[in-house]
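S.K.: Provide a 3D model corresponding to the input given below.
(chains A and B)
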Amino acid sequence: MTHDIYTRMRDTVLAALKGLDPSLPPEIADRVEVTPARDPAHGDMATNAAMVCAKALRQPPQKIAAALVAFLGEAPEVEEVTIAGPGFVNIRIEKPAFRALLPVILTHGESYGDSTAGHGRRVNVEYVSANPTGPMHIGHCRGAVVGDALANLMAKAGFQVTKEYYINDAGAQVTALAWAAYWRYLQAIGTPLTEEEFSAQVPGGLQYRGDYLVPVGAALAKQHGSALAQPDLGIAAPENWIDLVRDATIDLMMAEIREDLELLGVRQDVFSSERALVASGAADATIDRLAADGLIYEGVLEPPKGKTPDDWEPRPQTLFRSTQFGDDVDRPLRKSDGSNTYFANDIGYHANKLDRGFDMLIDVLGADHGGYVPRMRAAVQALSGGGTKFEAVLCQIVHIMRGGEPVRMSKRAGTYVTLRDLLEEVGRDAVRFTMLTRKADAQMEFDLDQAIAQTRDNPAFYVQYAHARCRSVLRSAVEMFGAAAIEPAVLATAPLDSLDDESDLTLIRRLATWPRTVEAAALAREPHRIAFFLYDLAADFHMLWNRGRDNATLRFLQPDQPAETQARLALVAATAIVIRSGLGVMGVTPVEEMR
RNA sequence: GCGCCCGUAGCUCAAUUGGAUAGAGCACCAGACUACGAAUCUGGGGGUUGGAGGUUCGAGUCCUUCCGGGCGCGCCA
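M.R.: Residues are numbered from 1 along each chain as shown, chains lettered A, B, ... in the order given. Alright, predicted model coming up:
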C-alpha cells in the first residue's frame, strides 16, 4: 500500500465514481486528482472529480459532488466532506489518520517517499559533459548539480538510473588544446620562441592561454625531456608529437575535472569518450544504419531565412532527414574535409546508449544548445523506431553576484571564477542547494553573499539548521532518557494523541506531501521542487520550535511528561528523516550541528 | 527574418502542470530570548501575473497577436 494518503484517497474517490457509473472511461478517471488543500479552511484535501466527470456521467457537477459526499462521508478516516465552489469536494481527515504517518516514516526511514512511478524503466542521464580543455567553471556547475540531483530524484521515484558523462575529446578543440599544451612544454624545456612566434605557427593560432596548462607542460618535459621538440627547442613536426601530447593532456584535464566533480559531490557511473567511439567506427556504423532506412542523402541546404551569412555558398552535404521527425531543417553529418560533424558523432553516441538498452535518454544541456534538441530527438526517434524517448533538460545561464553587483567573468581581468574557486568560497552544500533553488530553465542570479550567509535568506543554511535542531533535540533526549528513547522502533509505538496543536498538524501534513512531491518532481524532471519542499518543511519546523517558547506544553522535551515527550520525539525524528532524505536527493550534507 | 525559452510584489523567485482569495524570502515597519540552539519566530503594508483579445464551470498556466529580455539559426562543441 502506498504511503501517500492523497493517493489512497484518490483510490477511494475513484471507487465512488465507479459506483456511480461502472463504465467511466479511463481517460476521464486519469484526470481525477486529490490534492492537498491550499487553504486549511477548506479542509485537508480536495478533489476535482465532480467537475471532471460531469460530461462523461451526464450529470451536473453539483449532483456528482453530492453523491461523493455521501460515499466519502462513510469512508474510514474521513471526518467531514463538503461541497465548495463549482463542484469541489473538500475532505477533512481525522487527525489520527495524519498522526499515523509518523510510525510509517519512522519504520521506513529514508525510503519513505520512494515511488514506483518509474516502473523500473532504465534511464540514462547525461550531464556535465564539458570539453576536457580546461578546469570546470560556473557554467558547468549548474548542469552538474541539476543533472546529479535529477538522477537521484528519478532513482527515488522508481527509475533505474545511470549517470553518465560524455567526454568531448575529439575534434578541432582538443587539437587546439594539444597545441596549447605543447607550448607549455616548449616553455618548460626553455624554448627561445616567444608566445607570438609560436602562435604564428599554430593552425588557427594559439588558444587556451590559461596557465592551468603549465603543469601539463612540465609533466611532458619531465617525461620526455626535449625529445618532442626540434634540437634547437623549436616546433617539431606535429605528426611526431601531437597524438601523444593530446592524449596526455586530455588524461590530465580529465583527472582535473574528475577531481572537481568529486569536490562537488558528483559521481557519474559511466564516462564515455567521443574519440573512442569514433575510433570504434560507431558513428559511421550508425550513419550507415540511417542510410539503410533512406534517411541520409546528399543535398544542399537553403540559407536561413532573412539572415544569409556573408560567406554563404550553396554546398552539397551529407544530410540527415531530421525534418521527417519534426526538425526544422535537415542536418549535416560531414564536414567538407570528410570528417564527422559533432552531431554525427553524437548520433553514434546516442545509438550506443540505445544499444545499452535504455528506455529513456535524458541530456542535461546548456540553454545555448536548445536549438540542438530537435535534431537529437529526431535521431533517437529514427534509431529506436520511437521506442525510446529522448528528453533534454536545459540549464540557463548563472549570473554571479557579489555585493549587489554582477561579477564579470573575464579570464584576462582575472575575475574568471572556476568551480573550485566557488567551492572554496561558498562550500559544496551551499553551492548545490543554491543551484537547485531555481527552475533549471530560468536564468538565475547566484548571490555569493547570500550563499555564505548564516540566515534564513540562505535556504541551504535554513534547511540544514532545521535538521541540526532536530538532531540537537534527539541528542538531548538521549541524555535525558537514554539511547533507547530515540530508537525509531520505540518511537513508532508512541501514543500520538497529544500532537494536537495546529503547528504540530501543519508539520505532519507537510510530511504527508513528501511522497507526492517526489513523484511530481521526478515526472516533471524538476529537482528544484525538492529544495522548495525542504524550505517549507524547515519553516514549519522552526515555527513549531518557537511556539514551544510561548507554550511550554509544545516543547519537545518535557521530563515530567514522558508520553507527550515521546510523541514529540517521534515528530522530530520523522522530520529529521524526511529532511535527510530530501537533502540526499540534492546531494547536500545533513549536518548534525551548525556550531 | 525564423525557431525555442522567459516576463509574477521595489529586488530574487514559487505557484500541487487548468483549480478556490496568486505565495515565500530580502528590503521596510512593529514585536518575542527564564528556551530542548533567538543563526529562530510572530504581526503589518506591498499585485490589472508585460498589454490586448480568445478557449471553459475556472487561466499566471492553453491559443492568437503585439511589447520587452535571453539563446540559437550549413563544415563550433
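
S.K.: was I right about A:Val393 contacting A:Ala367?
M.R.: No - the criterion here is CB atoms under 8 Å, and A:Val393 misses it with A:Ala367 at 10.2 Å. In short, each C-beta sits where N, CA and C put it, glycine included.

S.K.: Those two: which is more packed in?
M.R.: Under the criterion of other CB atoms under 10 Å, the comparison of A:Val393 against A:Ala367 puts A:Val393 first, with 20 against 15.

S.K.: which SSE is the closest residue to the more buried one other than its chain neighbours in?
M.R.: Residue nearest to A:Val393 in three dimensions, not counting chain neighbours: A:Val364, with 4.8 Å by CB to CB, 6 or more residues apart in numbering. Assigned by DSSP states H and E, A:Val364 falls within strand A:360-366.

S.K.: Give the pairing partners of that strand; include direction for each.
M.R.: Within its sheet, and counting by DSSP bridges, strand A:360-366 is paired with strand A:122-126 (parallel), strand A:389-395 (parallel).

S.K.: Distance from the chain centre to the strand or helix carrying A:Glu259, please.
M.R.: Per DSSP H and E, A:Glu259 falls inside helix A:242-264. Remark: helix A:242-264 is offset 24 Å from the chain centroid, using CA atoms, centre = their mean, to the nearest Å.

S.K.: Check which residues of that helix are buried.
M.R.: Judged by neighbour count using 16 or more other CB atoms under 10 Å, the buried positions of helix A:242-264 are A:242, A:245-246, A:248-250, A:252-254, A:256-257, A:260-261, A:264.

S.K.: sorry, back to before: comparing the strands paired with strand A:360-366 by mean pLDDT, which bottoms out?
M.R.: Mean pLDDT is lowest for strand A:389-395 out of the strands paired with strand A:360-366, coming in at a mean of 92.

S.K.: what packs against the helix or strand following it?
M.R.: Note on strand A:389-395: by DSSP H and E, the next helix or strand toward the C-terminus is strand A:398-402. Judged by 3 or more CB pairs under 8 Å, 6 or more residues apart in numbering; DSSP states H and E, strand A:398-402 is in contact with helix A:138-156, strand A:444-447, helix A:448-452.

S.K.: Could you single out the most deeply buried of the ones you listed?
M.R.: Highest mean neighbour count among the helices and strands packed on strand A:398-402 (mean count of other CB atoms under 10 Å): helix A:138-156, with a mean of 25.

S.K.: What mean pLDDT does it get?
M.R.: The model assigns helix A:138-156 a mean pLDDT of 93.

S.K.: What of stretch A:584-595?
M.R.: On average, stretch A:584-595 scores 92.

S.K.: And stretch A:318-328, by the same measure?
M.R.: Rounded mean pLDDT across stretch A:318-328 is 91.

S.K.: Let me know whether it sits next to RNA strand B.
M.R.: Yes - residues of stretch A:318-328 contacting RNA strand B under CB under 7 Å from any atom of the strand: A:Asp328.

S.K.: For that stretch, buried residues please.
M.R.: Buried residues in stretch A:318-328 (16+ other CB under 10 Å): A:Thr318, A:Leu319, A:Phe320, A:Arg321, A:Ser322, A:Phe325, A:Asp327.

S.K.: likewise stretch A:370-388?
M.R.: So for stretch A:370-388, counting by 16+ other CB under 10 Å, buried means A:372-384, A:388.

S.K.: Show me the residues you listed that map onto strands.
M.R.: Counting by DSSP state E, these place none of their members in strands.

S.K.: Can you say which of the residues you listed are also within reach of RNA strand B?
M.R.: Near RNA strand B, by the rule CB under 7 Å from any atom of the strand, you find A:Tyr372 out of the buried residues of stretch A:370-388.
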